[in-house]
Each structure stands twice: as C-alpha cells, then as structure tokens.
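pasting the structure only:
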C-alpha cells in the first residue's frame with residue numbers, strides 16, 4: 001500500500017505506537033471469524049472489510065491486517081484533517097476512526113471542530129458521543145472512548 005508523505009510523517013511521529021495498544025485492547029484478538037455486537041462478520045483485531053464467517057487467520061496474519069487497517073484508517077483521516085496535530089491526538093483519532101470508519105469520522109461534528117481550529121479541550125470530548133452501535137449504548141464503547149479521550153488530551 002502506497003502512503004502519502006503526510007501519513008508517513010504521522011506514523012514516524014509515533015501515532016501508531018500510541019494507537020495500536022488501544023485498538024488491540026478494545027478490539028481483542030480472535031483468530032476465528034465472529035459476529036460483532038451489530039452482527040457484522042469480524043476477525044482478528046476488529047477487521048471487517050474482508051471477514052467471512054468460518055474463516056480463520058494466524059496471529060501473524062492478524063498482526064498484518066491490523067497494520068494494514070490502521071494505515072488505511074490513517075490515510076482516510078489524513079485526507080480530511082487539515083491542522084497539524086500531536087501524535088497522541090492522531091492516535092486517539094486513529095483508534096476512534098478504526099472503530100467507526102473514516103467516512104463517519106470525516107463527516108462528524110468532531111472533525112468539523114478539529115478543522116475549525118478548536119482546541120483539543122473542545123474537540124476531544126466529542127469522542128464521548130460515539131458510544132452507540134446498532135442504536136444501543138455499549139459499555140465497551142464507553143470504556144474505549146474514555147481511553148481515547150485520555151489519549152487525546154495527553155493524560
């Protein structure tokens with residue numbers, strides 16, 4: 001996968017090293033395909049794009065999928081985030097967008113605030129609004145958003 005210079009710079013700044021543990025913790029590793037809480041076929045660390053029920057992957061394949069998915073997520077975000085952000089802020093956005101999708105992330109109020117020049121104290125708390133899946137508030141998403149918020153604010 002070819003990545004832009006901006007994405008490469010963000011990766012080099014350490015955003016992935018901050019984001020990967022959050023993604024891994026909250027997605028969990030499952031080497032056999034399963035249905036997520038809203039019945040989407042999923043495998044490995046929350047990979048949904050090509051997951052099919054009955055499929056299995058090795059840990060090495062899951063690790064590669066995670067890297068590829070995180071790069072794709074970051075590329076999607078880099079296309080819609082205009083200001084320069086700190087690595088911890090990128091990491092929080094990558095984890096969030098990995099979960100909700102770059103399209104939803106880029107079209108969100110949170111992203112409008114980021115691009116309007118709001119301070120992290122103003123836009124990071126928007127993460128707390130993203131705790132619903134399939135119309136239901138999920139405790140796991142509440143915990144994940146709190147972890148992403150702390151990462152975003154650097155605390």
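Looks like it came in fine. Please read these numbers as outputs of a predicted model, since none were measured by experiment.

Return the distance of the residue of the chain positioned farthest from its centre relative to residue 33.
The centre of the chain is farthest from one residue, residue 54, which by CA atoms, centre = their mean lies 25.2 Å away. Separation of residue 54 from residue 33 (CB to CB, to the nearest Å): 6 Å. C-betas here are computed from N, CA, C, even on glycine.

cool, residue 85 as well?
For residue 85, the distance to residue 33 - CB to CB - is 34 Å.

on that earlier part again, might one say that the residue farthest from the centre of the chain is in contact with residue 41?
No - here residue 54 lies out of contact with residue 41, judged by CB atoms under 8 Å, at a distance of 9.3 Å.

between these two, what contacts are shared?
Common neighbours of residue 54 and residue 41, using CB atoms under 8 Å, 6 or more residues apart in numbering, are residue 33.

Sort out which residues of the longest strand anywhere in the chain are buried, please.
The single longest strand within the chain, with elements called by DSSP state E, is strand 30-35. By 16 or more other CB atoms under 10 Å, the buried positions in strand 30-35 come out as 30, 33.

now swap in stretch 55-65 and tell me
For stretch 55-65, burial by neighbour count (16+ other CB under 10 Å) applies to 57, 62, 63, 65.

Could I get the residues you listed in JSON lines, plus columns for secondary structure?
Below are the buried residues of stretch 55-65 laid out as JSON lines (DSSP: H, G, I helix; E, B strand; the rest coil):
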{"residue": "57", "secondary structure": "coil"}
{"residue": "62", "secondary structure": "helix"}
{"residue": "63", "secondary structure": "helix"}
{"residue": "65", "secondary structure": "helix"}
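
can you name the two of the residues you listed that are farthest apart?
57 and 63 (9.6 Å; CB to CB).

the helices in the protein, which residues?
Under the criterion DSSP state H, the chain carries helices at the ranges 5-12, 15-27, 59-78, 87-100, 102-106, 109-115, 120-123, 139-153.
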